[in-house]
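Peer 1: got a predicted structure here, sequence first:
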Amino acid sequence: MLTVLLGVAIIAAVAAVVIVLREAPLGERSAAGTPTPSETRASLFTDPCGTFDTGVRAPYAVTGYWLVPTSNECTWRKQLEAIHRVGGDTVIRLGTGLQARAVDDEGRVLTGDREIDKRYEPCEEDGVPCLQAAERDLKKANPNNRVTWNYVYRTDERFGPGLLRCPSMERVIPVGDRVYYRLVAPEDGSDDPSCDFSKPRNYHVILIQAAQEDSLTRLLDLADRFRMRVFPALPLAPRDPAQPTRANPTHIGTLTTLTRRILQDYGERFRDRDSLGGVYQPFELQLREMKFEGGKDDHPTLKVYAEQHWIVEQELPGKPILVSPYLDARKSVGFAATPAQVARGFKALARTGVGIIAPQDSRGTGKVGLFWPDERDEPVDARLRPVVGDLTYGEAYHGSTRDYYRAMAQARQEVAEEGHEVELWANVEAFEPSADVPCGNRGNRGATDKARLDTAVTLTGRYVSKVISYMWSDFFTCGSPSLADQITVDWNRPIPVDGVRKTRGIQEGLEIRGYNLNSTRVTISWEGQPVPKMLDVAAVGWYDPLPPPGMPERTETVWVPLNWREVPQDTWIRVEITTGDGRSAAEPLHVKAT
């Protein structure tokens, strides 16, 4: 899961690092299917930051979170421990991207306001700014060499020798607690390995501000402690100044050069580490009608994606690429997309070489609503009115999150037949569109509650294989009780996600999939029914703790008998799930009798 501009979804123009935890084998799960504190492979480790518990104590349905970066290594450990405690197996760390910059007459990097950028000002060689020194050295090699663009890139990593291709022209420049890298590459993106600068050419110079200590190495070491895998981000593409929601193809050559250099360095240093699991594509886009067929009319952001993804395949073969686009279902805006249009956009995105597509459910921004087909005439949640007004769901939206994930699941199957295998995850947004009291430093976004988050998980249905959420800091940690605290005390409340008509043997019934379903009571009702049916799963039903194929790891299945001939055709039935201690699922299932 960023200061958000209207119409730009919430994973802003930032890079990220993704961390995935390997859960305990299924054989270590309890008979009830839900790990208990004594059954998780918990262990403690101690370092200068303190003692940390690697056990999963409250395994919730959401298993991944966006996280604000911090320079404090101890804060990292505490955050990861807290996320891991509630079953988190994915952490996405925010960062920054590649930027084209102007320089002054002395070669100093300028900000967008034409001020000297203090981040890059300390970088000097032989008493002159680093970019000026690069141009000087190029002209020494050939007076007709020219620097046509200067770029900057900022990170808290420190790279190895694999980043530099031409030591005669490229530099590592330590300055205090920072390290600067000076990269020089032909403007056509060829990244010529001959390193022959004696022939006159046009060049791009990339100045990287990095750290003395490599955060990625520390993350990989920490991931080993928690049995995690880490997905570093690809460099974020520069934005099109005319359309900031799109990547700028003008800079593809330099972006691919930087991407190639970083991934070559990763390959040299980390290829054999199990904790390096893949890479994350941080440039977000809206899923809508898009074209990608390898031609000149392809969507510009998808062109940039494809160039970067091709390099990943070359340098880190077998490592998946994760991307998280957003949705917009509002009927009031011209750039919204129907489920069918999103499905076609999903196919185009899959063709760029991504391995995991995790669309934002976009409920937090109010761009999509959480509702069932038989609730289209119901008024929208009051928290959505600042975005769509005082309307019904049917008036406000082209469809619900469930409609969109269903359409994308079908598109995933169809694009697989073309040879493009991708996983479909869900990114459920853990905030509200606006709030009188903002949540932490997240602009005007406000805190949500566990019931709303449970509902978002329910509406993802059987269509996704993993659920992640934007974002841990500060949306899961602000307020009292915080969302994280709510999860800790209520993690095992049932969350049904799907109900289907299913016969077992000769008996008709209803099969329900979801989280924490064992030893529950199922109440089935419909309009005109004299008395709701209340069925105890343990007494009359059936339970399977193993996740159905293609569904998230912690999902389970229960079945209860139901004579469908008693249910009027095309009626919507309401399915409520309640625990033995009386806690009901935040959102009942709505299942149509067909």
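Peer 2: Perfect, thanks for sending it. Numbers count the residues shown, from 1 in each chain.
Peer 1: break this structure down into its domains, please.
Peer 2: For the chain, the structural domains run 16-96+214-490, 99-154+158-211, 495-592, going by automatic domain parsing.
Peer 1: okay, those domains, which one's buried deepest?
Peer 2: domain 16-96+214-490 (a mean of 20; mean count of other C-beta atoms under 10 Å). The way it works is simple: take the backbone N, C-alpha and C, and place the C-beta from them, glycine included.
Peer 1: next secondary structure element downstream of the helix or strand containing G253?
Peer 2: Under the criterion of DSSP states H and E, G253 resides in helix 252-270. Once the chain leaves helix 252-270, the next helix or strand it forms, by DSSP H and E, is strand 279-281.
Peer 1: before we move on, back to that, mean pLDDT added to the domains of the chain, as CSV?
Peer 2: Output for the domains of the chain, formatted as CSV (pLDDT from 0 to 100):
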stretch, mean pLDDT
domain 16-96+214-490, 88
domain 99-154+158-211, 96
domain 495-592, 97
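Peer 1: quick one: the helices in this structure?
Peer 2: In the chain, the helices defined using DSSP state H lie at 73-85, 130-141, 215-225, 252-270, 300-315, 339-350, 385-388, 393-396, 401-416, 450-460, 483-490, 537-540.
Peer 1: tell me how far the fourth one lies from the chain's centre.
Peer 2: The one in question is helix 252-270. Here helix 252-270 is found 21 Å from its chain centre; the criterion is C-alpha atoms, centre = their mean, to the nearest Å.
Peer 1: right, and D390 touches A382 too?
Peer 2: No. D390 is beyond contact range of A382, at 9.2 Å (criterion: C-beta atoms under 8 Å).
Peer 1: other residues contacting the helix holding G253?
Peer 2: 98, 149, 151, 153, 159-165, 183, 185-191, 204, 206, 216-217, 220, 232, 234-235, 237-238, 276, 279, 303-304, 307-308, 311-312, 314-316 (C-beta atoms under 8 Å, 6 or more residues apart in numbering).
Peer 1: CA-only coordinates of that helix, as CSV, when you get a sec.
Peer 2: What follows is helix 252-270, C-alpha atoms only, in CSV (Å, rounded to 0.1, in the frame of the first residue of the first chain):
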residue,chain,number,x,y,z
ILE,A,252,13.2,4.7,-21.3
GLY,A,253,16.8,4.4,-22.4
THR,A,254,18.2,5.8,-19.2
LEU,A,255,15.7,4.0,-17.0
THR,A,256,16.6,0.7,-18.5
THR,A,257,20.3,1.5,-18.1
LEU,A,258,19.8,2.2,-14.4
THR,A,259,17.6,-0.9,-14.0
ARG,A,260,20.1,-3.1,-15.7
ARG,A,261,23.0,-1.9,-13.5
ILE,A,262,21.1,-2.3,-10.3
LEU,A,263,19.8,-5.8,-11.2
GLN,A,264,23.3,-6.9,-12.3
ASP,A,265,24.6,-5.8,-8.9
TYR,A,266,21.8,-7.7,-7.2
GLY,A,267,22.6,-10.8,-9.2
GLU,A,268,26.2,-10.7,-8.3
ARG,A,269,25.6,-10.1,-4.6
PHE,A,270,22.3,-11.8,-3.8
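Peer 1: compute the inter-axis angle for it and helix 300-315.
Peer 2: 30 degrees (axes from the mean of the first three to the mean of the last three C-alpha atoms, to 10 degrees).
Peer 1: angle of helix 252-270 against helix 215-225?
Peer 2: 50 degrees.
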